[in-house]
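Student: Pasting the sequence and the predicted coordinates here, then a few questions.
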Protein chains: 2
Amino acid sequence: MTSEAGIAASGGVVAARPAAGRVPAPALRDFTARAFLALGVPEDDARRVAGLMVEADLRGYDTHGVFRLRQYVDRLRDGGITPAATVTTVRETAATALIDGGNGLGHLAMQAATELAIAKAGAAGIGWVGVRNSNHAGPAALYVLPQTRQGMAGICAAVGSANHVAPFGGSEMLLGTNPLAIAVPAGRQAPFLLDMATTNVAMGKIKSLAQRGEPMPEGWMVGRDGRPLTDPNRRDEGFLLPIGGAKGYGLAMAIGLLAGVMNGAAFGSNVVDFTTDRTSPTNTGQFVAALSVAAFREPTAFGAAVDTVFDEMRACAPLPGHAPVRIPGEGREERAAKGDAEGLALHPNLVKELDAIAGELGIVGL
Amino acid sequence: MTSEAGIAASGGVVAARPAAGRVPAPALRDFTARAFLALGVPEDDARRVAGLMVEADLRGYDTHGVFRLRQYVDRLRDGGITPAATVTTVRETAATALIDGGNGLGHLAMQAATELAIAKAGAAGIGWVGVRNSNHAGPAALYVLPQTRQGMAGICAAVGSANHVAPFGGSEMLLGTNPLAIAVPAGRQAPFLLDMATTNVAMGKIKSLAQRGEPMPEGWMVGRDGRPLTDPNRRDEGFLLPIGGAKGYGLAMAIGLLAGVMNGAAFGSNVVDFTTDRTSPTNTGQFVAALSVAAFREPTAFGAAVDTVFDEMRACAPLPGHAPVRIPGEGREERAAKGDAEGLALHPNLVKELDAIAGELGIVGL
């Protein structure tokens, strides 16, 4: 990022003047909210989901932000997602809760879950909120970062919205990429932020390679014959490989049990592929946890100790030919500040898709 | 296992008659407790640690059970571990606690943490207990299985007791294998039980290969020159590789922050290598969580749903040349029952080591 962008974003003295070809974040938020409004989503909900989707783009989760609007629009229109949904807390203890998303946009249930987890952690040291009857909610990172702003660690996981993975040694797709996000606040520095699929790559990356006409390296996918699959256009003939073989399978399954079955949500053969099915409720399961630093140690000392760990890792001599060591999540805050100041560079295909959506819904375009 | 062994173990009608060359579990427990007693560990503590160590062997965690007695004995004798340690709860909220292990045997702090997490989950839905001033405590699996017997899921992680891993792209060993265990109860079936290092293999496996004179496959270790390392005898010239590259690094770091820094325990350059250092306290950090199924849904329905998921995974057609799909943890209950009935088959080198310990401590041997 340029230092000007940093000043503009943090100080707010320089008015945001988007660079040529860039879309200002507020314009993208307004457009996204208009699309939801046109589909019957109540205004407050529309604005909240649009805000989270643009936040995903700002932080660099390109495949999990406004890029997903097409899927949400199709499912809202065809009955797969309920536009005017009610999010309800159906079970509650001192430190846990179960939220029912009412089959609305997943962001709504997940934002409510994050807020409730933080409130419970404030009172009981930890809060763990399960979610059922939810939907795709963008990157899990969105639901662990708010914790760090309250002096808490955040943990979030979800049953993936389509099964692209076979159990270890098996040949049927019964598992999703089941992502896991963990954030931990630091002292002076940006928080630690891990947001990972339990597979070596997510399906979105393979679709991008197909668009660009490039092959996949071995280890990303395997065919039903057990052989490596490297043609991204043949991705329907195989499945994604979990990280560390049996270990990634175990992790994906643990997440499926804790985020899915524990909450009465789908996991296994009852997962609805939301990329192809526009009409069936998915009963997506997720969980969000918040863990208060103050319950364990004095927060200032904690922040300083985290900073020291980050500094040590960064000071580590790189392997020959490698860039300096990075802390997971590093650079995302600066990226968001730059996007806020300069606008977001959307891929031309995405701009075309948003134009098409505007035409279909009869709303003002970007 | 044979069906006779099953009857003997579960019904208790047939007296345990160890097969030739096998050591009865009670004899191994008594011997291990005698060793601790001779080193000044109070009797009740000695018996509890011995019980957990033999349980590890019974469940097949051979490298984390009685195999570790030599290290514990050396560190107890030379001052690295405090024999008569007091485990204290130093902070507490409705759903969390911080336990100080008093630099005693790690099993004592971790067993206390597990019991406290379960008690808190019973009242508040979840319990999360951090541990500091602890030591190596055997396999993390030991501290997630008790939760499943109370209708709870268990989560446990630890900062590894030696740094064998470099941050992704780096060349200095600042991370341990930082293991993670997750257990989830089922209905009719044995619980889901994942206990994994965040590296492709643990160091113990590489030491075994060195003993047997066999090479490592590529992907287990990398040298400081960034090239694959395949000679297990040159393991000191490189470091273990995390699962999924940057993802495993992120996971190991998240565990270091949550199990180490959060509890005021060691993580990074201040980790003491307990395999070479016999005199310094390690300030090992761990955490144990318990999550009550009843806080989220009706437990019987939950158990049935978990059974269905297990059945689906097992029914999945295997990849060509692969064995049937397994559920993580599968077979360990039967293995433990067989060991209880028939005794434990200890490696001749381990028997020799235990004989040497008996001689050194002047106690009755196995």
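Tutor: Alright, I've got the coordinates.

Student: Can you report how many residues neighbour A:P146?
Tutor: A:P146: 18 surrounding residues under other Cβ atoms under 10 Å in any protein chain shown. (Glycine included, C-beta is placed from N, CA and C.)

Student: And for A:N178?
Tutor: Count around A:N178 with other Cβ under 10 Å applied: 26.

Student: That one and chain B: what is the separation?
Tutor: In this structure, A:N178 and chain B are 13 Å apart, going by Cβ to the nearest Cβ, to the nearest Å.

Student: Repeat that for A:D355.
Tutor: 36 Å.

Student: again with A:L193
Tutor: For A:L193, the distance to chain B - Cβ to the nearest Cβ - is 9 Å.

Student: got it, and A:A162?
Tutor: Where chain B is concerned, A:A162 sits at a distance of 16 Å (Cβ to the nearest Cβ).

Student: list the contacts for that residue?
Tutor: A:176, A:203, A:271, A:273-276 (Cβ atoms under 8 Å, 6 or more residues apart in numbering or on different chains).

Student: Identify, from the residues you listed, the entry nearest to A:D62.
Tutor: Nearest to A:D62 out of the contacts of A:A162 is A:M203 (Cβ to Cβ; 14.0 Å).

Student: number of nearby residues for that closest one?
Tutor: Neighbour number of A:M203 under other Cβ under 10 Å is 22.

Student: any weak-confidence spans in the stretch 251-366 of chain A?
Tutor: Along the stretch 251-366 of chain A, the model assigns pLDDT under 70 to no residue.

Student: residues from it in reach of chain B?
Tutor: Residues of the stretch 251-366 of chain A found near chain B (Cβ under 8 Å from any Cβ of the partner chain) are A:251, A:253-254, A:256-258, A:261-264, A:267-269, A:291-293, A:295-297, A:301-302, A:305-306, A:308-309, A:312-313, A:316-328.

Student: Could I have the PyMOL command that selects the buried members from the contacts of A:A162?
Tutor: Buried members of the contacts of A:A162, defined by 16 or more other Cβ atoms under 10 Å in any protein chain shown, are picked up in PyMOL with:
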select buried, chain A and resi 176+203+271+274+275
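
Student: could the contacts of A:A162 be laid out in TSV, adding secondary structure?
Tutor: TSV is the format used below for the contacts of A:A162 (DSSP: H, G, I helix; E, B strand; the rest coil):
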residue	secondary structure
A:G176	coil
A:M203	helix
A:V271	coil
A:D273	coil
A:F274	coil
A:T275	coil
A:T276	coil
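
Student: Any chance of the contacts of A:A162 in CSV with distance to B:A109 as columns?
Tutor: Output for the contacts of A:A162, formatted as CSV (distance: Cβ to Cβ, whole Å):
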residue, distance to B:A109
A:G176, 36
A:M203, 43
A:V271, 40
A:D273, 46
A:F274, 45
A:T275, 47
A:T276, 50
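
Student: between the contacts of A:A162, which is nearest chain B?
Tutor: For the contacts of A:A162, the closest approach to chain B (Cβ to the nearest Cβ) belongs to A:V271, at 11.0 Å.

Student: Just the CA trace of whichever strand or helix holds A:I155, in PDB.
Tutor: A:I155 belongs to strand A:152-158 when assigned by DSSP states H and E. Extracted in PDB, the C-alpha atoms of strand A:152-158 (Å, rounded to 0.1, in the frame of the first residue of the first chain):
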ATOM      1  CA  MET A 152     -10.900 -12.100  22.900                       C
ATOM      2  CA  ALA A 153      -9.800 -14.900  20.700                       C
ATOM      3  CA  GLY A 154     -12.300 -16.100  18.100                       C
ATOM      4  CA  ILE A 155     -12.900 -19.600  16.700                       C
ATOM      5  CA  CYS A 156     -15.400 -20.400  13.900                       C
ATOM      6  CA  ALA A 157     -16.000 -23.400  11.700                       C
ATOM      7  CA  ALA A 158     -18.700 -24.500   9.200                       C
END
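
Student: Show residues contacting that strand.
Tutor: For strand A:152-158, contacts defined as Cβ under 8 Å, 6+ apart pick out A:110, A:114, A:117-118, A:121, A:137, A:140, A:143-148, A:178-185, A:255, A:258-259, A:284-293, B:257-258, B:262.

Student: follow-up on the earlier one: what about the residues of the stretch 251-366 of chain A next to chain B, which are in strands?
Tutor: Mapping these onto strands (DSSP state E) picks out A:291-292.

Student: If I look at the residue positioned nearest the centre of chain A, what pLDDT would I see?
Tutor: Geometric centre of chain A, nearest residue: A:P139, 0.4 Å, by Cα atoms, centre = their mean. At A:P139, the pLDDT value in this model is 97.

Student: these two touch, right, it and A:L58?
Tutor: No - the criterion here is Cβ atoms under 8 Å, and A:P139 misses it with A:L58 at 11.3 Å.

Student: okay, and the common contacts of those two?
Tutor: A:G65.

Student: quick revisit: now the residue nearest to the centre of chain A. Its backbone dihedrals?
Tutor: phi -70, psi 140 (degrees, to the nearest 10).

Student: and the spatially closest residue to A:R235 that is not a sequence neighbour, how many neighbours?
Tutor: Once flanking residues are discounted, A:R235 sits nearest to A:I206: 5.3 Å by Cβ to Cβ, 6 or more residues apart in numbering or on different chains. Using other Cβ under 10 Å, A:I206 has 19 other residues around it.

Student: Would you mind identifying the next helix or strand past the helix or strand containing A:I206?
Tutor: Assigned by DSSP H and E, A:I206 belongs to helix A:203-212. With elements assigned by DSSP H and E, the helix or strand that comes after helix A:203-212 is strand A:221-223.

Student: Tell me where chain A has strands.
Tutor: A:88-92, A:96-100, A:126-134, A:152-158, A:180-184, A:192-196, A:221-223, A:228-229, A:238-240, A:284-292.

Student: And the contacts of the helix holding A:I206?
Tutor: So helix A:203-212 is contacted by A:63-64, A:162, A:164, A:177, A:215-216, A:220-221, A:232-233, A:235, A:240, A:349 (Cβ under 8 Å, 6+ apart).

Student: so how far is A:H64 from A:E334?
Tutor: 19 Å (Cβ to Cβ, to the nearest Å).

Student: When these two are compared, which one has more neighbours?
Tutor: For A:E334 and A:H64, the more surrounded residue by other Cβ under 10 Å is A:H64, and the numbers stand at 23 against 14.

Student: Would you quantify the distance from the more buried one to A:H136?
Tutor: Separation of A:H64 from A:H136 (Cβ to Cβ): 9 Å.

Student: okay, how far is it across stretch A:200-218, tip to tip?
Tutor: In stretch A:200-218, first residue to last residue: 11 Å (Cα to Cα, to the nearest Å).

Student: okay, now the domains of chain A?
Tutor: According to automatic domain parsing, chain A is divided into the following domains: A:4-81+A:332-361, A:88-295.

Student: Mean pLDDT lowest where, among those domains?
Tutor: domain A:4-81+A:332-361 (a mean of 87).

Student: chain center to that one: distance?
Tutor: Mean C-alpha position of domain A:4-81+A:332-361 versus that of the full chain (Cα atoms, centre = their mean, to the nearest Å) differs by 14 Å.

Student: wait, what's in contact with A:G365?
Tutor: Counted by Cβ under 8 Å, 6+ apart, A:G365 has contacts A:31, A:354-355, A:358-359.
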